[in-house]
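S.K.: output the structure for:
(one chain, ligands or ions: 1)
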Amino acid sequence: VVYDATLDALPLNTIHGYVIVRGGVAGSVVANRLTENANVSVLLIEAGPLLSWLGIPSTYQWNYTTVPQLSASNRSISYPRGHILGGSSAINGMVYDRAATSDFDKLANMTGDSGWAWESMLTYYEKLETSGPPADGHNITGQFDPSVHGFSGPLGVSLPGYSQTLDSLVLETLNNSSFPYNEDSNSGNELGFAWQVSTINNGTRTTAATAYLADNYLARPNLDVVVNALVTRVLASNGSDIDTIEFHAVGNSKFDQSVHIATTLTWSSKATNLNVEASREVIMSAGSINTPHILLNSGIGDNATLSAMNITPVHYLPSVGQNMLDTTVIYVSWEVNSTDTFDALLNNGTARAEAFAEWNTPRTGRMANGVINLSGMLQMNESNPTVQSIHQQYSDSIAGSNDADFEMWFIDGYTTTSNSTYFSMLYGVLSPMSRGSVTLNASDPMGPPLIDPNYFASEYDVLVMRQALLTGFDFVSSEQWSSYLLEPVNGLAEVIEAVGTSNFTAMDELMRNGVQNGAHLVATSSMSPYGADWGVVDPDLRVKGLNGLRIVDASVYPFVPGGATQLPTYCLAEQASDVIYCLAEQASDVIKADQ
Ligand SMILES: Cc1cc2nc3c(=O)[nH]c(=O)nc-3n(C[C@H](O)[C@H](O)[C@H](O)COP(=O)(O)OP(=O)(O)OC[C@H]3O[C@@H](n4cnc5c(N)ncnc54)[C@H](O)[C@@H]3O)c2cc1C
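M.R.: Numbers count the residues shown, from 1 in each chain. I've put the predicted structure just below:
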C-alpha cells in the first residue's frame with residue numbers, strides 16, 4: 001500500500017520487520033527483494049513523491065550546492081540528488097557502468113569479505129537486469145557480449161537506439177589508430193572504447209521505482225510505502241538498539257507536482273514529528289549526502305563535534321560523513337560543421353515537437369536515446385615520462401590492471417541552448433585522491449548539510465586530468481575530425497594553443513574554473529573490515545558497534561567503483577538483500593518476528 005504522509009492515516013501501529021529510510025536505488029531494491037518472502041514485512045519511507053509518469057523530472061531534486069571549492073576557483077557547484085520515489089535514478093544520466101573485476105576484488109581484499117569480489121557480484125549483475133533490444137532495433141552483434149548479461153531481471157537496459165553522425169567519426173578513429181575497442185566494457189574489463197549501455201527500456205528511462213516498485217510489487221500486502229515523509233533521525237527506544245525512525249510530512253500531496261523541488265519548504269516544515277518502529281532492523285538508504293546527515297543528527301559521529309552543536313552524542317563513529325570521494329568531471333566543446341546534433345532540438349521548437357511526437361508513439365528517435373552512444377575508459381600511458389613521474393610521486397590510485405584512470409564521453413551537442421551546433425567531450429578522473437566531507441551546518445544542523453567534495457585539492461587529480469585532456473585532443477586530431485570540428489569554445493582554443501608549447505597554465509585554469517559535480521559521491525559511510533577502527537559499516541553493512549541499524553546505499557563504497565555508481569549500487573543492494581535475509585534466517589526468528 002502507498003500512503004501519502006501529507007494526506008493519509010499512516011500504518012504506524014502495524015509492526016514491520018524492516019523499516020527502510022528512502023526509496024532511491026538501493027532502498028527500492030531491498031524493499032522489493034525482502035518482500036519476495038510473504039512472511040517478511042517492510043515499510044519504506046521516502047521524502048519525495050510517487051510519480052507514475054516520468055518525463056524529464058529535473059526539478060525533483062534536493063537543490064543542493066557544494067561549499068565554495070578552494071581548489072576550484074572558490075566556486076559553489078550545484079549538486080542535484082533525486083527527491084522522488086526512485087531517487088537519483090529518476091534524474092540521472094542513465095549511463096550503465098558495472099566497474100571492473102579489479103574494483104570488486106580490491107573491495108573484497110580491503111574488507112576481508114570475498115562476497116564483494118567480482119565473481120559474486122557478477123551473479124547479481126546478471127540477476128538484476130533485462131538486456132533488451134535498442135529502440136531502433138539494430139543488430140547489436142559485436143557491440144555487447146550476451147554471455148555476461150541477464151535477460152529476466154527487473155531493470156530494463158539497452159544499447160543506444162539512435163544513430164548519430166558522431167558515431168562513425170569515433171569508429172573510424174578507432175579503426176585507424178591504436179586506441180582499443182572493447183566489445184563489452186561491462187564484462188569485467190572496462191578498458192577501451194565501447195558502445196554505451198543505458199538504463200533505458202523500449203526507448204524509456206527505467207528507474208529503481210519503475211523496475212523494483214512497479215504496481216505489481218506495490219500490491220504486495222507485506223510492503224507499505226510512505227511518500228512525502230522526511231526522516232530526521234534514527235532512535236533507540238530502549239536506550240541501546242536502534243529500532244525507531246523519526247519523520248514528518250513534507251509537501252502537499254503526491255498529486256501536486258509543484259512542491260517537490262526540495263526548497264526551504266522541506267527543511268523548515270513545522271509538521272509534527274512522528275515515530276515508527278522496526279521489529280527487526282532499520283535500513284538506511286538515503287544516499288551519500290543524506291545518510292550521514294541523518295546519522296549525525298541522530299548523535300552518531302564524532303562526540304566533540306556533535307556536542308558543540310548541542311546534539312547529544314549516542315555512538316562514537318568519527319568516520320561518518322568523512323572520506324568523501326567523487327569522480328572529477330569537466331566538459332570541453334567545439335562548434336561543428338553539421339546541423340545534425342542534439343542542439344537542433346534545443347534551438348528549434350518545431351524539430352523538438354517532432355522529436356517528442358516520434359518518442360510519444362513508437363518510442364524511437366533522438367528522445368529515445370541515452371546521453372552518449374560511445375565512450376572510452378583508459379589508463380595513463382606508462383611509456384610517457386610524465387606519467388612515470390606521476391607514478392613516482394603518487395602511489396597508483398586505481399584498483400588494478402583492468403581499471404581506468406580516466407573516462408571520455410563523446411556528446412552530440414552542447415549543454416546549454418544557443419544558436420549553433422556543437423560537439424562536447426566529458427572527461428572524468430575516476431580514482432581521484434581529493435577527499436571531502438558531508439557535515440552539519442552548525443547554525444542549522446537539521447537544515448541542508450555542508451557538502452565539500454574538495455575537487456582538485458590533490459595535485460594528483462590535476463595531473464591525471466591533464467593526461468585525459470591530452471589523450472582526448474590526440475583522439476580528435478586525426479583526419480576524420482578535421483572537417484567536422486570548427487572553433488573550440490569557452491577558452492578551449494587558448495588551452496590547445498598553449499599545450500603546443502607545453503604550457504599547462506591555461507589548461508589548469510580551465511579545469512579549476514570548469515569542474516562540475518561528478519554525481520558519483522561515495523565513502524561517507526565507508527565499509528571496512530570487522531573490528532577495524534575506521535569506517536562506518538562492517539562488510540555485512542551493519543553500523544559498527546550498534547545493533548539494529550544497517551546502511552545500504554552508495555555511501556558505503558570506500559572508493560568509486562569503476563566509472564559510475566548507479567549499477568554498482570543496484571548490485572550492492574541485491575547482494576545486501578541476500579545478506580540481510582540469510583543473517584536473519586540464521587537468527588531463526590525472522591519469520592515469527594514479522595508475523
Ligand atoms: C544528476 C545525476 C546524474 C547521474 N548520472 C549517473 C549516470 O549516468 N550513471 C550512473 O551510474 N550514476 C549516475 N548518477 C549517480 C547515481 O544515480 C547514484 O549513484 C545512485 O542513485 C545512488 O543510489 P542511492 O541509493 O545511494 O541514492 P539515491 O538514488 O539518491 O536515493 C536516495 C533516496 O533517499 C531519499 N531520501 C534522502 N534523504 C531522505 C530523508 N531524510 N527522508 C526520506 N527520504 C530521504 C531521496 O529522496 C532519494 O529518493 C547520477 C546522479 C545524479 C544526481
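
S.K.: okay, Leu274: pLDDT?
M.R.: Looking at Leu274, its pLDDT stands at 91.

S.K.: oops, could you answer that again for Ala262 instead?
M.R.: You'll see Ala262 listed with a pLDDT of 47.

S.K.: surely Val332 meets Glu494?
M.R.: No. Between Val332 and Glu494 there is no contact under C-beta atoms under 8 Å: 11.8 Å. For glycine as for every other residue, the C-beta is placed from the backbone atoms N, C-alpha and C.

S.K.: which of these two has more neighbours?
M.R.: A count of neighbours by other C-beta atoms under 10 Å puts Val332 above the other of Val332 and Glu494, at 23 against 16.

S.K.: which residues touch the more buried one?
M.R.: By C-beta atoms under 8 Å, 6 or more residues apart in numbering, Val332 lies in contact with 424-425, 427, 469, 472, 488, 490, 492, 495, 510, 514.

S.K.: in a markdown table, list those along with secondary structure, neighbour count and distance to the ligand.
M.R.: Formatted as a markdown table, these follow (DSSP: H, G, I helix; E, B strand; the rest coil; neighbours: other C-beta atoms under 10 Å; distance: C-beta to the nearest ligand atom, whole Å):
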| residue | secondary structure | neighbour count | distance to the ligand |
| --- | --- | --- | --- |
| Ser424 | strand | 20 | 15 |
| Met425 | strand | 22 | 16 |
| Tyr427 | strand | 23 | 15 |
| Leu469 | helix | 24 | 21 |
| Gly472 | helix | 20 | 19 |
| Pro488 | strand | 18 | 25 |
| Asn490 | coil | 15 | 21 |
| Leu492 | helix | 21 | 24 |
| Val495 | helix | 22 | 26 |
| Leu510 | helix | 20 | 22 |
| Gly514 | helix | 18 | 17 |
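
S.K.: which of those residues lies closest to Ser279?
M.R.: Nearest to Ser279, judged by C-beta to C-beta, of these is Tyr427 at 48.9 Å.

S.K.: how about that closest one, what does it touch?
M.R.: 329-332, 406-408, 465, 468-469, 472.

S.K.: quick one: low-confidence parts of the stretch 201-350 of the chain?
M.R.: Confidence mapping of the stretch 201-350 of the chain against pLDDT under 70 gives the ranges 251-271.

S.K.: near the ligand, which residues of it are found?
M.R.: Proximity of the stretch 201-350 of the chain to the ligand, by C-beta under 6 Å from any ligand atom, involves residues 230-231, 285-287, 290, 294.

S.K.: phi, psi for whichever residue of the chain sits closest to the ligand please.
M.R.: Of all residues in the chain, Gly24 sits closest to the ligand, with a separation of 1.8 Å (C-beta to the nearest ligand atom). Dihedral angles of Gly24 (phi, psi; degrees, to the nearest 10) stand at phi -90, psi -150.

S.K.: wait, what's in contact with the nearest residue to it once chain neighbours are set aside?
M.R.: Counting by C-beta to C-beta, 6 or more residues apart in numbering, Gly87 is the residue found nearest to Gly24 once chain neighbours are left out, at 1.9 Å. For Gly87, the contacting residues are 22-25, 27-28, 48, 81, 207-208, 287, by C-beta under 8 Å, 6+ apart.

S.K.: and the residues you listed as TSV, adding secondary structure and distance to Leu317?
M.R.: Formatted as TSV, the contacts of Gly87 follow (DSSP: H, G, I helix; E, B strand; the rest coil; distance: C-beta to C-beta, whole Å):
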residue	secondary structure	distance to Leu317
Arg22	coil	20
Gly23	coil	25
Gly24	coil	23
Val25	helix	24
Gly27	helix	21
Ser28	helix	26
Gly48	coil	27
Arg81	coil	23
Thr207	coil	31
Ala208	helix	27
Gly287	helix	18
